[in-house]
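# I'll drop the sequence and a predicted model, then ask my questions.
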Amino acid sequence: MCTSYWIKNFQIISVAILILLTGNSRSVAVPRQEPYEEAPVVHSPQLLVELKQIQQAALGSDYAFRQLAVLTAGIGPRLSGSVQAQNAVNYVASELRRLGLDVRLEKVLVPHWIRGEEKAELVKFPGQMSGMAQRIVLTTLGGSIATPPTGLTAEVVTVNSFEELEALGRANVEGKIVLFNRRFDEQMAAQGFGVEAYRQMVPYRTRGPSAAARLGAVAALVRSAGGSNYRLPHAGFMRYSNDAARIPAAALTGEDADLIAGLSKQGPVRLYLTLTPQTLPDAESYNVVADLKGSEHPEQIVIVSGHLDSWDLGTGAIDDGAGVVMAMHTVQVLRELNLHPKRSIRVIAWMSEEFGGIGGNAYAKSHQAEIANHIAAIESDHGAGHPLGFSIKASQTVRPMLEPVSLVLQGSGAGLTRFTEEIETDISPLAEAGVPCFGLWQDGRTYFNYHHTAADTLDKVVPKELAENVAIMAVLAYALANLSQPLPH
């Protein structure tokens, strides 16, 4: 690493230590980082002290884990429109009121989809013994329609890409079930790029059914978007296109996708499929919005957030109960330390992220007139693994303004920053409107082993690592709320 980096950091640390030792009350001038030409950013020495206090308090508390236990073990899965989702709304709102925040419920109309029965069997395949069927493990994709009540039986054709599907043509697809066997890149995930590996899979889940239907398929299956194959199907949302018939759709395990693909190379494979989901009228639900009022600029807002809904197979611990309780713990730490941010810190528990970011879009629309007063937005929606730092979707010119935050977070191994073009779903509409947005940069090497599966449960969260994530969110939020000048939109 270059010498100038160490000199710059040594200057910052030395100045902060000198002020703490001497009691000097003058402001600290943080040296700028080349090649930026902005004037040095001025930070109060008191702010540096308070950020360290926040970090230590967060690291030493199990508040977030206790709240997560309530959401998962106490309330359980929180599928959009469900009774459990409403129970979670009520609980989070009551807890934030107990902490002394100004709480309101902002209405959102959300999809109300019920999974129903799921059953699949291979009823004809090469090498089949007399009277034998092969059970296939799968789960219905969110938003899918049902099969006929008695199920359907059809031959399966396997493709690895949209291009392979198009090459087959209608003659080879019509009346059949299409299996998209695109593999999750586990090596990519093991190198810390799990989100990138997941994004390569998602189009087959969201657009695959309609692509198959355009060629006359009667149902669509997708290989689960995740790693570590323990015969666990991964749920997820899909969208029907207006220019295609609606056909039933499900995600099956990696093992069963390999089974079907292998047998199909030897001869015809026929599958019996029964899915009985229901799509009910949209339900009334809520974003939970709670303000810790700023002492000097209460109209200016820094958001801390996670999404409250989850899929129904597990209990939504890493996706995204963890993000919600990080935001709750952020304000709990500030209340405990009796710290008063200059700008308001707003906790938001978003509703119906899993069905297309409904809550985030609704918030951006209803608060459009106040976007200029949204100073920053933070969301955690990639689990609760050990954090490395935070991601930034904003102008590169904000880097010098965030250096003191990184210096404090280095103490818990979380001082890295990276700029990104994509940010978490619920705050994306705010990012598109110009609001500086942040995500937590976590160790995601195993996140997609459990994501959207029945294994997304409380035991997958390490209390110490959850607290480390709280420390990042709380330190970053408090720093943003107390900057002498807000970050540029």
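All right, it came through fine. Residues are numbered from 1 along each chain as shown.
# which sections of the chain are below the confidence cut-off?
Scanning the chain for pLDDT under 70 picks out 1-43.
# now do the domain split for it, please.
Split into domains by automatic domain parsing, the chain comes to 3-111+282-482, 116-276.
# pick the most buried one from those domains.
domain 3-111+282-482 (a mean of 20; mean count of other CB atoms under 10 Å). Bear in mind the C-beta positions are built from the backbone N, C-alpha and C, glycine included.
# can you redo the domains of the chain as JSON lines with distance to H489?
Below are the domains of the chain laid out as JSON lines (distance: least, CB to CB, whole Å):
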{"stretch": "domain 3-111+282-482", "distance to H489": "4"}
{"stretch": "domain 116-276", "distance to H489": "25"}
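# can you tell which of these is closest to P488?
If you check each of the domains of the chain against P488 by CB to CB, domain 3-111+282-482 wins as the nearest, at 5.9 Å.
# could I get the full set of helices for the stretch 1-150 of the chain?
Along the stretch 1-150 of the chain, the stretches classed as helices by DSSP state H, counting those that start in this stretch are 3-22, 45-59, 63-69, 83-98.
# over to the stretch 201-350 of the chain?
For the stretch 201-350 of the chain, applying DSSP H, counting those that start in this stretch gives helices covering 254-264, 322-337.
# for Q46, give its distance to R335.
19 Å (CB to CB, to the nearest Å).
# same thing with D320?
Distance from D320 to R335, by CB to CB: 23 Å.
# for K176, same thing?
K176 is 59 Å from R335, where distance means CB to CB.
# now do L252
Per CB to CB, L252 is found 47 Å from R335.
# do V110 as well
30 Å.
# likewise for A190?
A190 is 40 Å from R335, where distance means CB to CB.
# repeat that for G131.
66 Å.
# now P77
Distance, P77 to R335, by CB to CB: 30 Å.
# which of the three states applies to the most centrally placed residue in the chain?
Centroid check for the chain by CA atoms, centre = their mean gives D381 as the closest residue, at 2.6 Å. For D381, the secondary-structure state derived from DSSP: H, G, I helix; E, B strand; the rest coil is coil.
# one more: the one 3 residues further on?
Here A384 takes the coil state, with states given by three-state DSSP.
# measure the nearest residue to it once chain neighbours are set aside to G262 for me?
Nearest residue to A384, sequence neighbours excluded (CB to CB, 6 or more residues apart in numbering): A322, at 3.9 Å. To G262, A322 is 37 Å away according to CB to CB.
# same check on H307?
38 Å.
# from V103, how far off is W113?
In terms of CB to CB, W113 sits 28 Å off from V103.
# just checking: what are the partner strands of whichever strand in the chain runs longest?
Longest strand in the chain by number of residues, with DSSP state E as the criterion: strand 278-292. Within its sheet, strand 278-292 is paired with strand 102-114 (antiparallel), strand 343-350 (antiparallel), according to DSSP bridges.
# of all those, which one comes closest to L292?
For the strands paired with strand 278-292, proximity to L292 was assessed by CB to CB; strand 343-350 is nearest, at 4.6 Å.
# pull that closest one out as PDB, backbone CA atoms only.
Extracted as PDB, the C-alpha positions of strand 343-350 are listed here (Å, rounded to 0.1, in the frame of the first residue of the first chain):
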ATOM      1  CA  ARG A 343     -30.500  15.900  12.100                       C
ATOM      2  CA  SER A 344     -33.400  13.500  12.500                       C
ATOM      3  CA  ILE A 345     -32.600   9.800  12.300                       C
ATOM      4  CA  ARG A 346     -35.500   7.900  10.800                       C
ATOM      5  CA  VAL A 347     -36.000   4.200  11.300                       C
ATOM      6  CA  ILE A 348     -38.000   2.500   8.500                       C
ATOM      7  CA  ALA A 349     -39.100  -1.100   8.500                       C
ATOM      8  CA  TRP A 350     -40.100  -1.600   4.900                       C
END
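# about what we covered before: so which of the helices of the stretch 201-350 of the chain gets nearest Q278?
In terms of CB to CB, the element of the helices of the stretch 201-350 of the chain nearest to Q278 is helix 254-264, at 24.8 Å.
# show me what contacts Y91?
70-71, 74-75 (CB atoms under 8 Å, 6 or more residues apart in numbering).
# Three-state assignment for G439, please.
Assigned by three-state DSSP, the conformation of G439 is strand.
# right, and it touches E424 too?
Yes. The criterion here is CB atoms under 8 Å, and G439 meets it with E424 at 5.0 Å.
# give the residue farthest from the middle of the protein.
Within the chain, counting by CA atoms, centre = their mean, S130 lies farthest from the centre, at 46.7 Å.
# check contacts around the nearest residue in space to P436 that is not next to it in sequence.
The shortest distance from P436 to any non-neighbouring residue, by CB to CB, 6+ apart, is to A394 (3.6 Å). Shown in contact with A394 (CB under 8 Å, 6+ apart): 419, 436-437, 487-488.
# nearest to M238 among those residues?
Looking across the contacts of A394 and measuring by CB to CB, the closest to M238 is C437, at 26.3 Å.
# who's the closest one bridged to?
Beta-bridge partners of C437, as defined by DSSP bridges: A377, K393.
# any idea how far T453 is from it?
28 Å.
# how about L402?
35 Å.
# quick check: end-to-end length of stretch 458-467?
Using CA to CA, to the nearest Å, the end-to-end distance of stretch 458-467 comes out at 14 Å.
# distance from the chain centre to that stretch, please.
Chain-centre distance of stretch 458-467: 16 Å, with CA atoms, centre = their mean, to the nearest Å.
# what's near enough to touch the nearest residue to I392 once chain neighbours are set aside?
Excluding its sequence neighbours, the residue lying closest to I392 (CB to CB, 6+ apart) is F419, at 5.1 Å. When contacts are counted by CB under 8 Å, 6+ apart, F419 is found next to 391-394, 396.
# before we move on, what about R223?
179-184, 201, 204, 251-252, 254, 257.
# partners of it in the sheet?
Legend: beta-bridge partners of R223 under DSSP bridges are L252.
# relative to L313, how far out is it?
In this structure, R223 and L313 are 17 Å apart, going by CB to CB.
# which ones are touching V159?
Counting by CB under 8 Å, 6+ apart, V159 touches 165, 168, 178-181.
# returning to that earlier point: which one among the contacts of A394 gets closest to P281?
The shortest approach to P281 among the contacts of A394 belongs to C437, at 32.9 Å (CB to CB).
# surely that closest one is in contact with A376?
Yes. At 7.0 Å, C437 counts as touching A376 under the criterion of CB under 8 Å.
# which neighbours do the two have in common?
In terms of CB under 8 Å, 6+ apart, C437 and A376 are not both contacted by any residue.
# what's near enough to touch the closest residue to E336 other than its chain neighbours?
Among residues not flanking E336 along the chain, A57 sits closest, at 6.3 Å (CB to CB, 6+ apart). For A57, the contact set (CB under 8 Å, 6+ apart) comprises 333, 336-337.
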